[in-house]
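>>> sequence first, then the predicted structure:
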Amino acid sequence: MKNILITGGAGFIGSHVVRLFVNRYPDYRIVNLDKLTYAGNLENLKDIENRPNYTFVQGDICDYERMLGLFREYDIDGVIHLAAESHVDRSIRDPFTFARTNVLGTLSLLQAARTHWAGNHENRRFHHVSTDEVYGALTFEETPFRETTKYDPHSPYSASKASSDHFVRAFHDTYGLPTLVTNCSNNYGPCQFPEKLIPLCINNIRTGKPLPVYGKGENVRDWLYVEDHARAIDLIFHQGKTNETYNIGGNNERKNIDLIRIVIKTVDRLLGNPEGTSEKLITYVTDRAGHDLRYAIDSSKLMNELGWRPEVRFEEGIERTARWYLENTRWLENIDSGTYRKYYEEVYGSR
Ligand code: NAD
Ligand code: TYD
């Protein structure tokens, strides 16, 4: 039996990772620790919540005593750390929350692992899930980020993630903690909070609201289907070398405006609208402050060393994602109304 702590498992990527581990590893105990901020939603995990190898715990990664208590109670030997504040626009409005959760929260988990493992690191791993945004912005001419690219974060979000990555590596170098860092490009797929570009557009097309395009819509992101990210995490957690960094990307660069047009086309088709119906919703708005021009990831290390490949083609992924949101309007409406926050009380009793 392996006891795996997955943090942020009620969020977008975390819920896909939790599902994959619960389904694939019946002999593991999967402990999902999540604070249930605005971004945490237990409805994402309804299908696996009663599995014998799954436990949900509500808690804050910044609470060191609580984290140490969890390591002891479940004798945690593996950590997959996803809990974070994740939205760049929120980080511009409220940088303190990002420093607290992403930096101090990560530090508190590292310290709890270090204390509980007490130097016995055999078959133990601390896998920190991070972002390509730590590398800064590329021009259109530059080659994609490699694991050796210098850190150059620009937003409070990416600065906080960069800081957390440095703490993870420092705990390896200073205390020998068996750590791994993965830096992944933009994810999309079911259960992403509808503040992020793709679900925001799907939801706004559905409800006939404007699709806000920051600046000229020329910024480029490298999109990866979330289940491909979850598979990469599984592979690296089990087979990656400790003290290594692995980049994960979709090899799928799109300008925002081109991406939005693909989303419009897909959603209009699924809704039975004539082609181009929702193009009129495109609305150019003031650019994001410090908006990084381009992200692109070189995942050749992960592909060559561990044999990972993205499996979901972009058109297929967008189709699956759009279908999921259109078939799960209650999930979206529960977010709009705030009802999703009550799910915890219904299932687990009042706090
Ligand atoms: P998300 O915002 O959807 O989910 C974050 C989860 O963390 C939520 O369930 C939230 O309740 C929980 N959380 C927040 N603060 C917490 C705290 N103090 N204690 C415990 N739990 C807390 O985020 P996501 O998009 O699923 O991202 C997950 C991780 O992957 C993050 O670390 C993010 O930096 C990283 N990442 C995301 C992307 C992306 O495109 N979304 C790409 C690369 C890396
Ligand atoms: P987002 O989904 O917030 O991810 P990130 O900022 O982490 O890359 O944004 C993706 C891209 O879309 C980014 O270049 C900002 C842009 N964007 C818009 O143009 N309009 C929007 O309403 C949002 C949320 C993002």
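The structure has been received and is ready for your questions. Numbers count the residues shown, from 1 in each chain. Ligands and ions are numbered 1, 2, ... in the order given.
>>> can you list the residues of the stretch 51-200 of the chain near ligand 1?
When proximity is defined as CB under 6 Å from any ligand atom, the stretch 51-200 of the chain approaches ligand 1 at 60-62, 82-86, 101, 105, 129-131, 161, 184, 186-187, 193. For glycine as for every other residue, the C-beta is placed from the backbone atoms N, C-alpha and C.
>>> in strands only, show me the residues you listed.
Using DSSP state E, the subset of these located in strands is Val129, Ser130, Thr131, Cys184, Asn186, Asn187.
>>> the residue lying closest to Lys196 once chain neighbours are set aside: neighbouring residues, count only.
Nearest residue to Lys196, sequence neighbours excluded (CB to CB, 6 or more residues apart in numbering): His87, at 6.9 Å. Other residues within reach of His87, judged by other CB atoms under 10 Å, total 16.
>>> Lys241 too?
12.
>>> what's near enough to touch the closest residue to it other than its chain neighbours?
Using CB to CB, 6+ apart and skipping residues adjacent in sequence, the residue nearest Lys241 is Leu180, 7.8 Å away. With contact set as CB atoms under 8 Å, 6 or more residues apart in numbering, Leu180 has these partners: 125-128, 236-237, 240-246.
>>> can I get those residues in a markdown table with secondary structure and distance to Thr207?
Compiled in a markdown table, the contacts of Leu180 are given as follows (DSSP: H, G, I helix; E, B strand; the rest coil; distance: CB to CB, whole Å):
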| residue | secondary structure | distance to Thr207 |
| --- | --- | --- |
| Arg125 | strand | 43 |
| Phe126 | strand | 42 |
| His127 | strand | 38 |
| His128 | strand | 37 |
| Ile236 | helix | 38 |
| Phe237 | helix | 39 |
| Gly240 | coil | 42 |
| Lys241 | coil | 47 |
| Thr242 | coil | 47 |
| Asn243 | coil | 48 |
| Glu244 | strand | 44 |
| Thr245 | strand | 41 |
| Tyr246 | strand | 39 |
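>>> show me which of these is closest to ligand 2.
Distance to ligand 2, by CB to the nearest ligand atom, is smallest for His128 among the contacts of Leu180, at 17.6 Å.
>>> pLDDT at Val347, what is it?
pLDDT recorded at Val347 is 62.
>>> quick thing: my sequence starts at 625, can you match it?
All right, first residue 625 from here; so that's Val971.
>>> now the longest helix seen in the chain: buried residues?
Longest helix in the chain by number of residues (criterion: DSSP state H): helix 780-799. Buried positions in helix 780-799, judged by neighbour count with 16 or more other CB atoms under 10 Å: 780-789, 791-793, 795-796.
>>> same deal with stretch 764-775?
Along stretch 764-775, these residues count as buried under the neighbour rule (16+ other CB under 10 Å): Pro768, Phe769, Glu771, Thr773.
>>> do stretch 925-933 as well
By 16+ other CB under 10 Å, the buried positions in stretch 925-933 come out as Lys925, Leu926, Met927, Trp932.
>>> over to stretch 934-942?
Pro934, Val936, Phe938, Gly941, Ile942.
>>> what's the answer for stretch 882-894, then?
Leu883, Ile884, Arg885, Ile886, Val887, Ile888, Lys889, Thr890, Val891, Asp892, Leu894.
>>> can I get those residues in a markdown table with pLDDT, distance to ligand 2 and secondary structure?
Shown next, in a markdown table, are these (pLDDT from 0 to 100; distance: CB to the nearest ligand atom, whole Å; DSSP: H, G, I helix; E, B strand; the rest coil):
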| residue | pLDDT | distance to ligand 2 | secondary structure |
| --- | --- | --- | --- |
| Leu883 | 98 | 8 | helix |
| Ile884 | 98 | 8 | helix |
| Arg885 | 98 | 13 | helix |
| Ile886 | 98 | 13 | helix |
| Val887 | 98 | 11 | helix |
| Ile888 | 98 | 14 | helix |
| Lys889 | 98 | 17 | helix |
| Thr890 | 98 | 17 | helix |
| Val891 | 98 | 15 | helix |
| Asp892 | 98 | 19 | helix |
| Leu894 | 98 | 21 | helix |
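>>> now render those as JSON lines, adding distance to Arg738.
Listed next are the buried residues of stretch 882-894 as JSON lines, based on distance: CB to CB, whole Å:
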{"residue": "Leu883", "distance to Arg738": "41"}
{"residue": "Ile884", "distance to Arg738": "45"}
{"residue": "Arg885", "distance to Arg738": "49"}
{"residue": "Ile886", "distance to Arg738": "45"}
{"residue": "Val887", "distance to Arg738": "44"}
{"residue": "Ile888", "distance to Arg738": "49"}
{"residue": "Lys889", "distance to Arg738": "50"}
{"residue": "Thr890", "distance to Arg738": "47"}
{"residue": "Val891", "distance to Arg738": "47"}
{"residue": "Asp892", "distance to Arg738": "53"}
{"residue": "Leu894", "distance to Arg738": "49"}
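>>> please consider this matter closed, and thank you.
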